[in-house]
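Asks: what would the 3D arrangement of this be:
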Amino acid sequence: MAIASTAVVAFAAQIPESCSIGPYCVIGAEVELGEHCRIDAHVVIEGPTRLGSHNHVFPFTTVGLPPQDISYAGEPTRLEIGDRNVIREFCSLHRGTRKGGGVTRIGSDNLIMAYCHVAHDCVIGDHCILANCATLGGHVHVEDYATVGAFSPVHQFCRIGRHSYIGGGTVITQDVLPFSKTSERREASAFGVNGIGLERRGFAPERIAALQRAFRVLHKSGLNTSQALEQIKGMPQTEDLAALIAFIESSERGVIK
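Replies: Residues are numbered from 1 along each chain as shown. Below is the predicted model of the structure:
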């Protein structure tokens, strides 16, 4: 096991021999690392926190610290992180709260760039990107393959739909539609389907075209959301349209259109 001589690692921490711990790290007793994790210099990991295998945490990041919630009173909440994530410099990833279920979850194959913040009780799926200084308030859900642009704050309890793309500097106060491009001029607005992103992920042209027809109904028909949903339900149904409909119907904060 490669542990720098200046690192402070609790005896009870569970660290496989395949891991490396850099200089001046602090690893708490309730931390569990999977195989082949690389923890660079000056990282602090407290627990209860579990990281899966092949994660790389860059310098000056804090993982598993208590939530920034004034109602938190030291309850034994958790942070769970999957496999093959890259977590860059100066990020902060916090444990959950009892009122939010007690667990903050981050999936696998995500890129969390420098200075990002993932607050208590957030759930991040797989293959997501949080660009520099993206900030997730508590209880935010980010679905698979979503991208949150640099300097974009996301309000508590918002959802970011799968395969969506949020432009840099966009303030998110409502749910972001799956498959969409959302950016901010005067206020956050959706700008149709994230066509380039979907092409890169292997979506067939006809699959993208079906989504584009649905988004035209949502954005350009002049119908309200309920009326647009009824019209979309009358289209030939696909798995993607079903996901879009279910996302809108389950929204509690409303969706960005």
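
Asks: domain ranges for the chain?
Replies: Following the assignment in automatic domain parsing, the chain carries domains at 2-142, 198-249.

Asks: model confidence score at Glu187, please.
Replies: Each residue has a pLDDT score; the one for Glu187 is 69.

Asks: where in this structure is the helix or strand with the lowest mean pLDDT?
Replies: Least confident helix or strand of the chain, by mean pLDDT, DSSP states H and E, is strand 188-193 with a mean of 82.

Asks: sorry, back to before: weakest of the domains of the chain in terms of mean pLDDT?
Replies: For the domains of the chain, the bottom mean pLDDT is recorded on domain 198-249, which sits at a mean of 93.

Asks: can you mark which positions in stretch 172-181 are buried?
Replies: Within stretch 172-181, the residues that count as buried by 16 or more other Cβ atoms under 10 Å are 172, 174-181. (C-beta placed from N, C-alpha, C; glycine too.)

Asks: kindly report the same for stretch 104-113.
Replies: 104-110, 112-113.

Asks: list the contacts of stretch 60-67.
Replies: Contacts made with stretch 60-67 from outside it, assessed by Cβ atoms under 8 Å, 6 or more residues apart in numbering, are listed as 28, 31, 42-49, 51, 57, 72, 74, 77, 79, 81, 87-97, 104, 119-121, 138.

Asks: of these, buried ones?
Replies: The neighbour-count test (16+ other Cβ under 10 Å) marks 28, 31, 42-49, 51, 57, 72, 77, 79, 81, 87-97, 104, 119-121, 138 as buried among those.

Asks: winner for burial among the domains of the chain?
Replies: Ranked by mean neighbour count, these are led by domain 2-142 with a mean of 20 (mean count of other Cβ atoms under 10 Å).

Asks: how long is it end to end?
Replies: Start and end residues of domain 2-142 are separated by 34 Å (Cα to Cα, to the nearest Å).

Asks: spatially nearest residue to Ser221 (excluding sequence neighbours)?
Replies: Sequence neighbours aside, Ala228 is the residue nearest to Ser221 in space, at 6.2 Å (criterion: Cβ to Cβ, 6 or more residues apart in numbering).

Asks: list phi and psi for the one you found.
Replies: When quoted as degrees, to the nearest 10, the phi and psi of Ala228 stand at phi -60, psi -40.

Asks: pretty sure it is touching Arg216, no?
Replies: No - taking contacts as Cβ atoms under 8 Å, Ala228 lies outside contact range of Arg216: 9.6 Å.

Asks: pull the most distant pair out of the buried residues of stretch 104-113.
Replies: Between all members of the buried residues of stretch 104-113, the longest pairwise span (Cβ to Cβ) is found for Arg105 and Met113 and amounts to 19.3 Å.

Asks: to Phe191, which of the domains of the chain lies closest?
Replies: Nearest of the domains of the chain to Phe191, taken as Cβ to Cβ: domain 198-249 at 8.4 Å.

Asks: got a list of what Ser180 touches?
Replies: By Cβ under 8 Å, 6+ apart, Ser180 lies in contact with 161, 164-165, 190-194, 215, 256.

Asks: likewise for Val8?
Replies: Under the criterion of Cβ under 8 Å, 6+ apart, the neighbours of Val8 are 25-27.

Asks: and which of the residues you listed is nearest to Thr147?
Replies: The shortest separation between Thr147 and any of those is 29.5 Å, and it belongs to Cys25 (by Cβ to Cβ).

Asks: quick one, phi psi at Ile232?
Replies: Dihedral angles for Ile232 - degrees, to the nearest 10 - are phi -70, psi -40.

Asks: you'd agree it is up against Phe215?
Replies: No - the pair Ile232 and Phe215 does not pass the contact test of Cβ under 8 Å, sitting 9.3 Å apart.
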